[in-house]
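Participant: Predicted model, plus sequence, below.
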Amino acid sequence: WRVMSLLNNTDKVYSRSDLSVFDFLDHPIWIFDILNKSFYWANTSAVKYWNANSLEELLARDCSHDMSEAVHKKNLDILERLKRKQRVEESVTYYPNGAEAKTMRLKLHGMQIGKKGNVCQLTEAFPIDLSNIDPAFIRSSATLQYLPMAVCQYDEYGKLTYQNPEARHTFGTPEEDYSTFNSSVSTGGVLNNNDDDALKQIHNNHFVNRFVDRQIGSKIHNQIKRGQDVNVEALLYTKCGPEWHAIHTRLGKDSITAEPIILFSSRDISEILSAKRELQVNKERNEFFAIMAHEIRTPLFQVTGFIDLLDQTNLTTEQEGYVKLLKASSAGLMNVINDVLDFSKLEDGRMKLDITPFEPRQVVDGTLAAVAASIKGKGLTLNKSFPSKIPVKLMGDPNRLRQILLNLVNNAVKFTHRGTVDVDVEIVKEENSPENRKKENSPRDCILLRFSVRDTGIGIDAKHLSNIFKKYNQAAASISTTYGGTGLGLTICDRLVTSMNGEIGVESALGEGSKFWFIIPFSCPIVESRTPVEPEKFCEMPASAELRILVAEDNKVNQKLISKMLSRLNHTSKIVVNGLEAVREVQEHDYDLVLMDIQMPIMDGIDATKEIRSKGMTTPIIGLTASVYRTDFMDLGLDGWICKPVRLGDLQKTIGLV
């Protein structure tokens, strides 16, 4: 009688002295502090069950090391039920320290223990005779208890009959479902408040009430009753509020009564859907930027080209000044657009490296030549250091390297009003010798190069250095107003260096200049024993020769621009508007050269080039592309390419080389 009174009086706060009555019982009884993962008390039978020599030894045992996260999560769920004065029964297999596994039927009660009255779990354990029970059933039942997926069972009318610990942890108990239903779901005036049977039927349909949209729940319920398996993503009520779940549910039979039941399993996919939505938003945003940037670049190419043509005419001194300003403004706008395009590609993962043999000295010299006019115009001194021991040729992406270096040098020139800009290249580490590389039949990462750009400019405040490579970030708000720029340049450099398995950094102090550096690993080309053969040029023509040139370009303004440029270079031209017409013209007439736009309607420049080459025609073809980087055009039959905007000098030089 005293034992039953203790178990039934859940409001009393107990001490260890109150628990001695349980020592008279033969079956194990223990009290476990779930929050502290430790035993509070155990009777003599339980001490023996847990393979301890004494109660003191059991109480001192650290259970946290033997308790998995799944078990602790399950225990916390049980604790919540015990606090609501619910009693729990379940079958569990325990593995006492150093003893054989034992499967027990447990009765769990909540008891307030100690001075603070913390609720602990009082467990009564009763042995189970396993001789008549299928071991596979025991294992599957245990697995279900710790499965990290909500598993529920309903009768055919939707009343909840079972849920595993994960489901209780996620959705709560039916009583909690009622409170959620009463506060959240309206009958829409269909039912009378006096219609108790109808209201009870609605309340008892736990299956339908679990869905935020009860119409969806009702539809799925009807599908299941018709014998359909349902896989769906839906918004469900949970203890944390509405969450998206991936649901699998179907009709089954109760293993004991053979009555129809609804089997239901679900897992939370809210974070997955959120990540997918974020990726989709980023993709759509980047596609929008790319399309808009392309649409802006096309007319800007035309403006730049006509500025070049205008610069070749007889101008007054005042007009020359205007043209100079037009060139600077169009170049600045082009840089902004290129930054947006590059950043959208990097964000979307569409930026690919073009690994090819290149000469690092040429890349550095070419980069510095591009800024020579700006350096001279500001009266700055440019210094370069390039050790002779750096290999003549390396394997890497020269265009990405040039882009990074050019961005850093341009920044140095922009923010320096007097003094110097120093560009240094040095070997950080050389992996292996040329002799070893010669023995192996593949390129190796053989060298680490550090590129440094140092200036005597305005410098950067130390508090801004940690964010200098973040997108849209500039050292101060006044920088954008005074010097312009998108705040994407250094972010692009950082992403490009990372994509090349390198690292980038900065050292700076306000008023003392800055030093930006980056380190990139490069491979060395395979050393051939034979003397390399110079590639044969397809056709050499003097730049001054008058050529008959076919121009395949669909944009009318570009047609006029290119034809004017060719006329300025003393060449004659004919215009076609797509690749199909270009193939027909080359078949029917003799041309010295074809200028082929890559993107055209009906048939693009790539397909047109392939078609021309497939027919055995060897007319030199130069691609016109808005891409500022080398691609695999040479492998597609092109003899060269010109990046838009088409400049008169570039056009003349490229025509002279093919």
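Facilitator: In hand now; what should we look at? Numbers count the residues shown, from 1 in each chain.

Participant: For whichever strand or helix holds Phe301, what is the distance to the chain centroid?
Facilitator: Counting by DSSP states H and E, the element that carries Phe301 is helix 270-311. Per CA atoms, centre = their mean, to the nearest Å, the displacement of helix 270-311 from the mean C-alpha position of its chain is 20 Å.

Participant: Next: stretch 71-81.
Facilitator: On CA atoms, centre = their mean, the centre of stretch 71-81 falls 35 Å from that of its chain.

Participant: Run through who's touching it.
Facilitator: 34-35, 37, 67, 88, 108, 110, 119, 121, 145-146, 165-166, 168-169, 173 (CB atoms under 8 Å, 6 or more residues apart in numbering). Placement of C-beta: from N, CA and C, glycine included.

Participant: What subset of the residues you listed is buried?
Facilitator: 34, 37, 88, 108, 110, 119, 121, 145, 165-166, 168-169, 173 (16 or more other CB atoms under 10 Å).

Participant: Throw these into TSV and include pLDDT, secondary structure and distance to His571, thanks.
Facilitator: Formatted as TSV, the buried ones among the contacts of stretch 71-81 follow (pLDDT from 0 to 100; DSSP: H, G, I helix; E, B strand; the rest coil; distance: CB to CB, whole Å):
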residue	pLDDT	secondary structure	distance to His571
Ile34	86	coil	88
Lys37	85	coil	86
Val88	81	strand	91
Leu108	86	strand	93
Gly110	83	strand	94
Val119	81	strand	92
Gln121	85	strand	92
Gln145	69	helix	83
Pro165	84	helix	81
Glu166	87	helix	76
Arg168	85	helix	82
His169	85	helix	78
Thr173	72	coil	85
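
Participant: and the two most separated of those residues?
Facilitator: Lys37 and Thr173 (24.1 Å; CB to CB).

Participant: Pull up the per-residue confidence for the residue most central in space within the chain.
Facilitator: Residue closest to the average C-alpha location in the chain (CA atoms, centre = their mean): Leu279, at 7.3 Å. What the model reports as pLDDT for Leu279 is 82.

Participant: One more: Ser20?
Facilitator: The model's pLDDT for Ser20 equals 74.

Participant: go on, Gly114?
Facilitator: pLDDT, Gly114: 72.

Participant: OK, contacts around it?
Facilitator: Val13, Ser15, Tyr40.

Participant: mind redoing it with 7 Å?
Facilitator: If you count contacts by CB atoms under 7 Å, 6 or more residues apart in numbering, Gly114 has none.

Participant: roughly how far apart are it and Ile78?
Facilitator: Remark: distance between Gly114 and Ile78 (CB to CB, to the nearest Å) = 19 Å.

Participant: Show me the helices in the stretch 551-658 of the chain, by range?
Facilitator: For the stretch 551-658 of the chain, the helices defined by DSSP state H, counting those that start in this stretch occupy 556-568, 579-588, 605-614, 648-657.

Participant: what about the last one, distance to the chain center?
Facilitator: When you say that, I think you mean helix 648-657. 42 Å.

Participant: And the first one, by the same measure?
Facilitator: Here helix 556-568 is found 43 Å from its chain centre; the criterion is CA atoms, centre = their mean.

Participant: Looks to me like Thr416 is in a strand.
Facilitator: No. For Thr416, which was evaluated using DSSP: H, G, I helix; E, B strand; the rest coil, the result is coil, with no strand membership.

Participant: tell me, how many neighbours does the closest residue to it other than its chain neighbours end up with?
Facilitator: Sequence neighbours aside, Gly457 is the residue nearest to Thr416 in space, at 3.5 Å (criterion: CB to CB, 6 or more residues apart in numbering). Gly457: 23 surrounding residues under other CB atoms under 10 Å.

Participant: got it, and Glu318?
Facilitator: There are 8 residues near Glu318, going by other CB under 10 Å.

Participant: same deal with the one 5 residues further on?
Facilitator: By other CB under 10 Å, the residues close to Val323 number 16.

Participant: Then Arg214?
Facilitator: Arg214: 18 neighbours (other CB under 10 Å).

Participant: what's the closest non-adjacent residue to it?
Facilitator: Val208 (5.5 Å).

Participant: for that neighbour, what are its contacts?
Facilitator: Gly158, Arg214, Gly217, Ser218, His221.

Participant: is it true that the first one touches His221?
Facilitator: This means Gly158. Yes. The pair Gly158 / His221 is scored as a contact, 6.0 Å apart, by CB atoms under 7 Å.

Participant: related to what we said a few turns ago, name only those of the contacts of Val208 that count as buried.
Facilitator: Gly158, Arg214, Gly217, His221.

Participant: could I get the residues you listed as JSON lines with secondary structure, pLDDT and distance to Ile291?
Facilitator: Output for the buried ones among the contacts of Val208, formatted as JSON lines (DSSP: H, G, I helix; E, B strand; the rest coil; pLDDT from 0 to 100; distance: CB to CB, whole Å):
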{"residue": "Gly158", "secondary structure": "coil", "pLDDT": "91", "distance to Ile291": "50"}
{"residue": "Arg214", "secondary structure": "helix", "pLDDT": "91", "distance to Ile291": "42"}
{"residue": "Gly217", "secondary structure": "helix", "pLDDT": "93", "distance to Ile291": "42"}
{"residue": "His221", "secondary structure": "helix", "pLDDT": "94", "distance to Ile291": "46"}
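
Participant: does the residue nearest to Pro525 when sequence neighbours are not counted belong to a helix or a strand, and which?
Facilitator: Leaving aside its sequence neighbours, Pro525 sits nearest to Pro357 (CB to CB, 6+ apart; 5.0 Å). Using DSSP H and E, Pro357 maps to strand 356-358.

Participant: Could you identify the helix or strand that succeeds that strand?
Facilitator: Next element after strand 356-358 (DSSP H and E): helix 360-377.

Participant: returning to that earlier point: compile the contacts of Val208 into JSON lines and extend it with columns for distance to Pro127.
Facilitator: Converted to JSON lines, the contacts of Val208 look like this (distance: CB to CB, whole Å):
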{"residue": "Gly158", "distance to Pro127": "37"}
{"residue": "Arg214", "distance to Pro127": "46"}
{"residue": "Gly217", "distance to Pro127": "42"}
{"residue": "Ser218", "distance to Pro127": "45"}
{"residue": "His221", "distance to Pro127": "41"}
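
Participant: which two of those lie the greatest distance from each other?
Facilitator: Gly158 and Arg214, at 11.1 Å, using CB to CB across the contacts of Val208.

Participant: Off-centre distance for the helix or strand following the helix holding Phe301?
Facilitator: Per DSSP H and E, the first helix or strand lying C-terminal to helix 270-311 is helix 317-348. Here the centre of helix 317-348 is set off from its chain's centre by 30 Å, with CA atoms, centre = their mean.

Participant: Show me what counts as buried in helix 317-348.
Facilitator: Quick answer for helix 317-348 (16+ other CB under 10 Å): 323, 326, 330, 334-348.

Participant: which residues does the nearest residue to Phe522 once chain neighbours are set aside contact?
Facilitator: Distances taken as CB to CB, 6+ apart put Leu394 closest to Phe522, at 4.1 Å, once the chain neighbours are dropped. By CB under 7 Å, 6+ apart, the residues touching Leu394 are Phe358, Pro360, Phe522, Ser523, Cys524.

Participant: where along the stretch 1-150 of the chain do the helices fall?
Facilitator: Under DSSP H, counting those that start in this stretch, the stretch 1-150 of the chain gives helices at 2-8, 44-49, 55-59, 69-83, 135-146.

Participant: now swap in the stretch 151-300 of the chain and tell me
Facilitator: Under DSSP H, counting those that start in this stretch, the stretch 151-300 of the chain gives helices at 165-171, 174-184, 196-204, 206-209, 214-225, 270-311.
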